[in-house]
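> Curious how this folds, go ahead:
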Amino acid sequence: GETGADAGSGEVTIKTALGTTFQGYVAGPEDATRAILLLPDRWGLSKTMRQWADRFAAKGYRVLAIDVADGRASDKMWLATEIMNAVDPEWIKQDMLGGLKYLAAPRRVIATVGEGLGGWGSFEAAILAPEQVAASVVIYGDMSATPKEAARIHTPVLGIFAKNDKEVTTEDVDGYKEMLLKPFSPP
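Model (predicted):
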């Protein structure tokens, strides 16, 4: 795999600040002024995630879909859940920061998009790298944060949730809204 910002479309290997590496799939014009860091759910860097990347790339985005599970993937819910639970959230954060660095280019804005585990990652990226993330899209992801973490978010956040979801409940979503809108409410 290629390393660095000169990659075309296809598989890449990216190094983190810790010196570890992770795999990704990159697509779209290298000179794009808009980019998306695409973060997968428990299913890993699947064919579906590559198709998402290709669809965004067809719209003119430079896209990097990252593999936070070191190549482990399954289409069986029980095994995909075990894989997800075995991945250290701190490693995921380092991979996301590495992905943001990989996508960084002069005059380029970067959005993060993720579903499930990747939705959590998209939200975390807005907390970890507020100067790099221009927008964050969370699809069925956990958006829990401390008040200090929430105060770091300076980017629009779009949360997409299902009314009858058992993992992220309506009460959870109400709490996320309250947390994110608190800095904008009058005292």
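> what's the following helix or strand after the helix-or-strand element of the chain with minimal mean pLDDT?
None of the helices or strands of the chain scores lower by mean pLDDT, DSSP states H and E than helix 77-86, at a mean of 85. Downstream of helix 77-86, the next assigned helix or strand under DSSP states H and E is helix 89-103.
> Now do that following helix and helix 77-86, the angle between them.
80 degrees (axes from the mean of the first three to the mean of the last three Cα atoms, to 10 degrees).
> Just the buried residues of helix 89-103, please?
Neighbour counts over helix 89-103 (16 or more other Cβ atoms under 10 Å) mark 91-100, 102-103 as buried. No exception for glycine: its C-beta is placed from N, CA and C like everyone else's.
> just stretch 99-115 next, same as before
Buried residues in stretch 99-115 (16+ other Cβ under 10 Å): 99-100, 102-103, 110-115.
> quick one on the thing from earlier: now pLDDT and distance to T20 too, for the buried residues of helix 89-103, in JSON lines please.
Formatted as JSON lines, the buried residues of helix 89-103 follow (pLDDT from 0 to 100; distance: Cβ to Cβ, whole Å):
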{"residue": "W91", "pLDDT": "88", "distance to T20": "7"}
{"residue": "I92", "pLDDT": "90", "distance to T20": "12"}
{"residue": "K93", "pLDDT": "93", "distance to T20": "12"}
{"residue": "Q94", "pLDDT": "93", "distance to T20": "7"}
{"residue": "D95", "pLDDT": "94", "distance to T20": "8"}
{"residue": "M96", "pLDDT": "95", "distance to T20": "13"}
{"residue": "L97", "pLDDT": "96", "distance to T20": "11"}
{"residue": "G98", "pLDDT": "95", "distance to T20": "8"}
{"residue": "G99", "pLDDT": "96", "distance to T20": "13"}
{"residue": "L100", "pLDDT": "97", "distance to T20": "15"}
{"residue": "Y102", "pLDDT": "97", "distance to T20": "14"}
{"residue": "L103", "pLDDT": "97", "distance to T20": "18"}
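> what's the span of stretch 140-157 from first residue to last?
In stretch 140-157, first residue to last residue: 13 Å (Cα to Cα, to the nearest Å).
> typo on my end, stretch 109-121
For stretch 109-121, by Cα to Cα, the gap between its terminal residues amounts to 18 Å.
> quick one: low-confidence parts of the chain?
By pLDDT under 70, the weakly predicted segments of the chain are 1-8, 183-187.
> And the helices in it, which stretches?
47-58, 77-86, 89-103, 117-128, 147-151, 170-181 (DSSP state H).
> Let me know which of those is tucked in deepest.
Sort the helices of the chain by mean neighbour count, taking mean count of other Cβ atoms under 10 Å, and helix 117-128 sits at the top with a mean of 26.
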